[in-house]
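> got a predicted model here, sequence first, then my questions.
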Amino acid sequence: MLTFTLRRLTSPNRPVIRVDPAPVLVRTRPLRVLDFDVEARPLHWISGDYVSKEITAMAWAWTDTPKDVTCFLLGETDPQVMLTTFLTAYARADLVTGHYIRGYDLPMVNGALTEYQLPALGKKMTQDTKLDLIRRQGLSGSQENIGAMLHLEHPKVHMDQSRWRSANRLTAEGLQIVRERVVGDVQQHIELRQRLLELGYLGPTKLWEPGGGGPVEAYTP
C-alpha cells in the first residue's frame, strides 16, 4: 500500500507528496520442495490401444531429506488414504518436482481424486526435469537415460514385461518390485534434479494449473 505525507514548502499552497517505498519481502525459510512419482496399471480399453488407468503406487520425499521416502501401494493401503495423505503433503509444498509430472503424474493424481470425489489438486509451482530440460538433439529424455549419462549414485530400477505383469497383478512379489521402483525413482530424481540445476540445464519453474482446482489446503479425512 502507498502512503502519502504532505510537507509544506515556503508557500502554504504547494504541498509536496512523499511516497514511501514499498516494503521488500524477504523469504525467511528455504523453499519446501516435494519430489514425487506415480505408477499405474491399465484397467480397460477405451479405444484402440488407449486404456483407462489406476494408480498402483505413490512415493514422495522432501528434497532436503531424500532418504525419508513415503510410499503407498494399492493392495496394501486403501486408495483414498493414499490420495488424501498425498494431498496434505502437496498442500505443504512450495514447489513440486518430478520427471514428466505436468504431462503424467499430476493429471493422473487428479484423475484418481475425481474418481473418488476428493478435493482436486490446486495450482502449484513445478519443476519438471523432462519438460523444463534445455532444448537438445540426439539424446533421450527419459529419466533412466539421463541418470545413466550423468553417472548418478541412485540407479533406475529396471522393469521388464514379467516384472510389470507381477506388479500390476498386486502379487506379494509384484508389490515388492513396484515399491523398489517407485521409491527408487524418487531417490534418483532428487539427485538428478540437483545435478541438472548445478549444470544449468533446467529452465525456470512453471505454474501448473489443473483448470478448476480449488485452493490448495491440507486435506483432513
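Ah, there it is.

> for this protein, longest helix please?
The longest helix of the chain (DSSP state H) is helix 172-199.

> do you know how far Glu180 is from Val157?
5 Å (CB to CB, to the nearest Å). In short, each C-beta sits where N, CA and C put it, glycine included.

> so these two - more neighbours on which side?
Legend: neighbour count by other CB atoms under 10 Å for Glu180 and Val157, higher for Val157 (18 against 15).

> can you pull the pLDDT of that one?
For Val157, the pLDDT comes out at 91.

> what strand or helix carries it?
Assessed by DSSP states H and E, Val157 sits outside every helix and strand.

> contacting residues for it?
Contacts for Val157 were tallied using CB atoms under 8 Å, 6 or more residues apart in numbering; they are 177, 180-181, 184-185.

> go again with 10 Å.
Going by CB atoms under 10 Å, 6 or more residues apart in numbering, Val157 touches 144, 163, 177-185, 187-188.

> same deal with Met58?
Residues near Met58 by CB under 10 Å, 6+ apart: 36-40, 70-74, 77, 79, 82-83, 85-86, 89, 105, 108-109, 112, 182, 186.

> ok, Gly141 next?
99-100, 129-131, 133.

> can you pull out the helices in the chain?
Counting by DSSP H, the helices of the chain are 79-92, 106-115, 143-149, 161-168, 172-199.

> reformat those helices as JSON lines; add distance to Thr65 and mean pLDDT.
Shown next, in JSON lines, are the helices of the chain (distance: least, CB to CB, whole Å; pLDDT from 0 to 100):
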{"stretch": "helix 79-92", "distance to Thr65": "12", "mean pLDDT": "98"}
{"stretch": "helix 106-115", "distance to Thr65": "22", "mean pLDDT": "97"}
{"stretch": "helix 143-149", "distance to Thr65": "20", "mean pLDDT": "95"}
{"stretch": "helix 161-168", "distance to Thr65": "27", "mean pLDDT": "96"}
{"stretch": "helix 172-199", "distance to Thr65": "10", "mean pLDDT": "97"}
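
> please tabulate those in TSV, including the columns distance to Glu54.
Converted to TSV, the helices of the chain look like this (distance: least, CB to CB, whole Å):
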stretch	distance to Glu54
helix 79-92	8
helix 106-115	7
helix 143-149	22
helix 161-168	9
helix 172-199	13
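
> closest to Gln137 out of these?
helix 143-149 (14.4 Å; CB to CB).

> now do that closest one: which elements does it pack against?
In terms of contacts (3 or more CB pairs under 10 Å, 6 or more residues apart in numbering; DSSP states H and E), helix 143-149 is packed against helix 172-199.

> mind listing what's buried along the helix it packs on?
By neighbour count on 16 or more other CB atoms under 10 Å, the buried set for helix 172-199 is 174-175, 177-179, 181-193, 195-196.

> how far away is Ala59 from Phe72?
On the measure of CB to CB, Ala59 and Phe72 end up 8 Å apart.

> try Tyr50
27 Å.

> what packs against the longest strand anywhere in the chain?
Ranked by residue count and defined by DSSP state E, the top strand of the chain is strand 33-47. Where contact means 3+ CB pairs under 10 Å, 6+ apart, strand 33-47 is packed against strand 50-62, strand 70-73, helix 79-92, strand 95-98, helix 106-115, strand 124-128, helix 161-168, helix 172-199.
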